[in-house]
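S.K.: with the input below, show me the fold.
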Amino acid sequence: MGAHPPTTPHAVPAAGDPGDGSANRSPEGLQAGLKNRHLSMIAIGGVIGAGLFVGSGAGINAAGPGILLSYALTGLLVVLVMRMLGEMAAASPTSGSFSAYADRALGRWAGFTIGWLYWFFWSVVLAVEATAAAGILTGWIPAVPQWAWALLVMIVLTGTNLVSVSSFGEFEFWFAGIKVVAIVVFIVVGALAIFGLPPGHHAVGTANLLGHGGFLPKGPGAILSGMLLVVFSFMGSEIVTLAASESPNPVMAVRKAVNSVIWRIALFYIGSIAVIVTLLPWDSDAVTKSPYVAVLESLKIPYAGTVMDVVVLTAVLSCLNSGLYTASRMAFSLGERGDAPKAFATVNKGGVPAVAIWASVAFGFIATIFSYTSKDTIFEFLLNSSGAVALFVWLVICVSQLRMRRTIERETPERLTVRMWLYPWLTYATIALILFVVGYMFYDDSGRKQMVLSVVAAAVVLVAGLILQKKRPREVPEPAAAVRAPEQA
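M.R.: Numbering: from 1, shown residues only. Next up is the predicted model:
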């Protein structure tokens, strides 16, 4: 436990106590209410964000068929980072995940900075997704104003998160399940069309991949430009390492998630994008606007637009649901370590960090209001200043793993059940690739503003962390590694 153990109006009994009101509690007092099927679907669906459905068109427009290389390179980056995170999370599952590991490996300032930036990112995402969901629902039922839909969506998903972690897991299980089924069906139908198997269709060959200016119609540099557009679609892969601490078997959950990340990215991202750029010309207006709908309409699938609206709405609600969960657990962890108000580290009788949830929702509500009243000023600033957080998180994970690996090998080598490949050289290579992408964002006109504002936001939080570290040193030292040993897996 961190510096400030959770205290609540209702005392939280130790895990396993007959009167604790739940079968299991994590060492932090959180309810261990996520089942294996919840975690499996969170791990699978976590990489399928709404950005894949609605944002991939911009990437295709920027790089042509070469966007496949952008997704492949970014996917490789995510696989390597997740392997490092999995190594630390399997050794010591905790609700703070990479923020807690940065705290231990690099210092309190690092855990504080990356934890608050991550919370900020997901709190802004709440507003983005609530607004997107409201836009779809207003299209279906125009009589209800868009702001009312946004409010309703936020209220419903806040309620599910407040009730229990199992209700969050159940909602996310079905949300993620719909996304997974939709992508798999899309790939299967698309693959059949590519080979000309449906009646009335002919095999398309490589005409769309190599025609229309070639595989790289805008040159090799477009691969990097494409990476800047798709890199943030992968944010969410790490959520399962936070959620694992609220399951009866966190070590096994982390191992399964890390081991499956390669095929998840290859299938859902690269597979579905390959279908799009093979079946349709990359430079058509329909692909740029809505690539998945364009493919379904080209195959004469009835009600293609409506079908994709349902899928996108599901993806948006899934992202909002998991974003609220993730932000609240990071706030809870920051509260535990004395880097946020102590109230954030309290849990109610159901083992849910209600104060942390309300704090995250409050910021999300404020940001949602700005998305309607100040879209081109305050809200745009919020989006840009949180835009590069994914890269900062990945960089911190890499550097933390370099330090944590030595500590784990020295103190608790039996917990090293997941190992980073080719340590430390592949870790160094990953750090170099992330720094290269960061540098390219400063160079690229479209990414410069976002990177500058994100760096400014990070600097402000870093200074606050250093001041806090100096003025309020922790009274209780952080544990070296702690939670449940792999033998319990």
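S.K.: which element is the closest residue to Ala457 other than its chain neighbours on?
M.R.: In this structure, Ala457 finds its nearest non-sequential neighbour in Ser385, 4.2 Å apart by Cβ to Cβ, 6 or more residues apart in numbering. In short, each C-beta sits where N, CA and C put it, glycine included. Using DSSP states H and E, Ser385 falls within helix 378-386.
S.K.: so which bits of that helix are buried?
M.R.: The neighbour-count check on helix 378-386 (16 or more other Cβ atoms under 10 Å) flags Phe379, Leu382, Leu383, Asn384, Ser385, Ser386 as buried.
S.K.: tell me which element Ser272 falls in.
M.R.: Per DSSP H and E: Ser272 is located in helix 272-279.
S.K.: check which helices and strands that helix sits against.
M.R.: Packing partners of helix 272-279 (3 or more Cβ pairs under 8 Å, 6 or more residues apart in numbering; DSSP states H and E): helix 50-63, helix 67-91, helix 165-194, helix 207-210, helix 291-298.
S.K.: if we can go back for a sec, contact partners for the residue nearest to Ala457?
M.R.: Leu453, Ser454, Val456, Ala457 (Cβ atoms under 8 Å, 6 or more residues apart in numbering).
S.K.: which of the residues you listed count as buried?
M.R.: Leu453, Ser454, Ala457.
S.K.: and the first one, how close does it get to Val125?
M.R.: So that's Leu453. 16 Å (Cβ to Cβ, to the nearest Å).
S.K.: likewise the last one?
M.R.: Here the distance between Ala457 and Val125 works out to 15 Å (Cβ to Cβ).
S.K.: circling back to that earlier point, as a markdown table, the buried ones among the contacts of Ser385 with distance to Gly139 would be great.
M.R.: Below are these laid out as a markdown table (distance: Cβ to Cβ, whole Å):
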| residue | distance to Gly139 |
| --- | --- |
| Leu453 | 31 |
| Ser454 | 32 |
| Ala457 | 33 |
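S.K.: in helices only, show me these.
M.R.: Leu453, Ser454, Ala457 (DSSP state H).
S.K.: pick the one among the residues you listed closest to Val307.
M.R.: Val307 lies nearest to Ser454 out of those, by Cβ to Cβ, at 35.6 Å.
S.K.: hmm, back to that, columns pLDDT and distance to Trp149 on top of the ones in helices among the buried ones among the contacts of Ser385, output as TSV?
M.R.: Converted to TSV, these look like this (pLDDT from 0 to 100; distance: Cβ to Cβ, whole Å):
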residue	pLDDT	distance to Trp149
Leu453	93	29
Ser454	93	30
Ala457	94	29
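S.K.: list just the nearest of these to Val295.
M.R.: Nearest to Val295 out of these is Ser454 (Cβ to Cβ; 33.5 Å).
S.K.: in contact with the closest one: list those residues for me.
M.R.: Asn384, Ser385, Ser386, Gly387, Ala388, Val389, Phe392.
S.K.: repeat the analysis, applying 7 Å as the threshold.
M.R.: The contact partners of Ser454, by Cβ atoms under 7 Å, 6 or more residues apart in numbering, come to Ser385, Ser386, Gly387, Ala388, Val389.
S.K.: do the same with Gly447
M.R.: Leu228, Met441.
S.K.: that one: which element?
M.R.: Using DSSP H and E, Gly447 falls within helix 445-471.
S.K.: farthest pair in the contacts of Ser385?
M.R.: Largest separation among the contacts of Ser385 by Cβ to Cβ: Ser454 and Val456, giving 7.3 Å.
S.K.: burial measure for Lys471, as a count.
M.R.: 7 (other Cβ atoms under 10 Å).
S.K.: any idea how far Arg104 is from it?
M.R.: According to Cβ to Cβ, Lys471 and Arg104 sit 21 Å apart.
S.K.: and what of Thr160?
M.R.: The spacing between Thr160 and Arg104, counted by Cβ to Cβ, is 32 Å.
S.K.: more neighbours: which of the two?
M.R.: Each of Thr160 and Arg104 has its neighbours counted (other Cβ under 10 Å); Arg104 has more, 23 against 19.
S.K.: so the more buried one lies in a strand, does it not?
M.R.: No. Assessed with DSSP: H, G, I helix; E, B strand; the rest coil, Arg104 is helix; it does not lie in a strand.
S.K.: and the pLDDT for it?
M.R.: Here, the pLDDT recorded for Arg104 equals 92.
S.K.: and stretch 356-365, what's buried?
M.R.: For stretch 356-365, the neighbour count (16+ other Cβ under 10 Å) marks Ala356, Ile357, Trp358, Ala359, Ser360, Val361, Phe363, Gly364, Phe365 as buried.
S.K.: of all the residues you listed, which comes closest to Ile187?
M.R.: When the buried residues of stretch 356-365 are compared against Ile187 (criterion: Cβ to Cβ), the nearest one is Gly364, at 33.0 Å.
S.K.: coming back round to it: reformat the buried residues of helix 378-386 as TSV; add pLDDT.
M.R.: Shown next, in TSV, are those (pLDDT from 0 to 100):
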residue	pLDDT
Phe379	87
Leu382	88
Leu383	87
Asn384	87
Ser385	88
Ser386	85
